[in-house]
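Trainee: I need the structure of the sequence given here:
(one chain, ligands or ions: 2)
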Amino acid sequence: MSSAPETGNGAHRGPAPPSGAGHLRRAVFVDRDGTLNVDTHYLAGPEKVELYRGVTEGVSLLRSRGFLVVVITNQSGIARGLYTQSAVEAIHARIQELLRRGGTEVDAFYYCPHAPAEGCACRKPGTELFERAARDLGIDLPSSAMIGDRMLDVEAAEKLHLTSIYVPEAGERPHYPEEQLEAAHRASIIAPSFLEGCQRLLERL
Ligand SMILES: [Mg+2]
Ligand SMILES: [Zn+2]
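Mentor: Ligands and ions are numbered 1, 2, ... in the order given. Got it, this is the predicted structure:
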């Protein structure tokens, strides 16, 4: 099984393929679970999708400043048999539906369906999905950024020299407290919410 790029409801409106470096665009790569939507661990159904407050505004803000917004997500639940690729795609369609109610959307979704033990190159902190998106959409990686709630998001960003924005998962009991110090230390920007992460990134430009 190969990892599948997906553009959401057939409504993809990305840029024309680049014809030269001058046409490359900046992107913000965005983690899904724990960053855009509440991480329920192996989210299996679209009816359970709940976007964090401020996510719609943040996505809208990034796109208004000319960034593509590309979701990069590890979905090992597929390899584990917990849900199917079509269930993942239904969740992405639901995320789009919720964002579109607020007048915005994600430009593309890419996911890794493999288990960690498969040793694929597309599971974060692997960089293959970022590189694929860069080719597909004409993205200039050095002027792009990554926002996520896990150390593996920060690590993937480091490998590609992206600006990294670490947004520790909201909530009283984070799922991965042991990572937080390290991720906060290594990230370019730390922010208490997705929206503030987007704002701090734009302030630096
Ligand atoms: Mg996450
Ligand atoms: Zn993979």
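
Trainee: Report the central residue of the protein.
Mentor: When the chain is reduced to its mean C-alpha position, the closest residue under Cα atoms, centre = their mean turns out to be residue 30, at 2.2 Å.

Trainee: Does it touch residue 63 like I think?
Mentor: No - using Cβ atoms under 8 Å, residue 30 makes no contact with residue 63, being 11.6 Å away. The C-beta positions use only the backbone N, C-alpha and C, and glycine is treated the same way.

Trainee: Name the residues contacting each of these two.
Mentor: Any residue near both residue 30 and residue 63 by Cβ atoms under 8 Å, 6 or more residues apart in numbering counts here, and that gives residue 69.

Trainee: Kindly list the main-chain dihedrals of residue 124?
Mentor: Recorded main-chain torsions at residue 124 are phi -60, psi 140, according to degrees, to the nearest 10.

Trainee: wait, what's in contact with the residue nearest to the centre of the chain?
Mentor: Shown in contact with residue 30 (Cβ under 8 Å, 6+ apart): 36, 59, 69-72, 106, 146-148.

Trainee: Please apply the same query to residue 167.
Mentor: By Cβ under 8 Å, 6+ apart, the contact list for residue 167 reads 35, 147-149, 190-194, 197.

Trainee: Next up, the contacts around the nearest residue to residue 68 once chain neighbours are set aside.
Mentor: Closest residue to residue 68 in three dimensions, ignoring its sequence neighbours and counting by Cβ to Cβ, 6 or more residues apart in numbering: residue 27, at 4.1 Å. Counting by Cβ under 8 Å, 6+ apart, residue 27 makes contact with 67-70, 107, 133-134, 137, 139, 144-145.

Trainee: Tell me the one among these nearest to ligand 2.
Mentor: Within the set of these, residue 133 lies nearest ligand 2; the separation is 13.9 Å, counting by Cβ to the ion.

Trainee: Could you check how many residues crowd around that closest one?
Mentor: One way to gauge burial is a neighbour count; for residue 133, by other Cβ atoms under 10 Å, it gives 25.

Trainee: just for this protein, where's the confidence low?
Mentor: Within the chain, the set of residues satisfying pLDDT under 70 comprises 1-22, 170-172.

Trainee: which of the contacts of residue 167 are close to ligand 1?
Mentor: Restricting these to those near ligand 1 by Cβ under 5 Å from the ion leaves residue 149.

Trainee: List only buried entries from the contacts of residue 167.
Mentor: Neighbour-count burial within the contacts of residue 167 applies to 35, 147-149, 190-191, 193-194, 197; the criterion is 16 or more other Cβ atoms under 10 Å.

Trainee: Return the subset of the residues you listed lying in helices.
Mentor: 194, 197 (DSSP state H).

Trainee: Tell me where the chain has helices.
Mentor: 55-64, 85-101, 128-137, 151-160, 180-186, 194-203.
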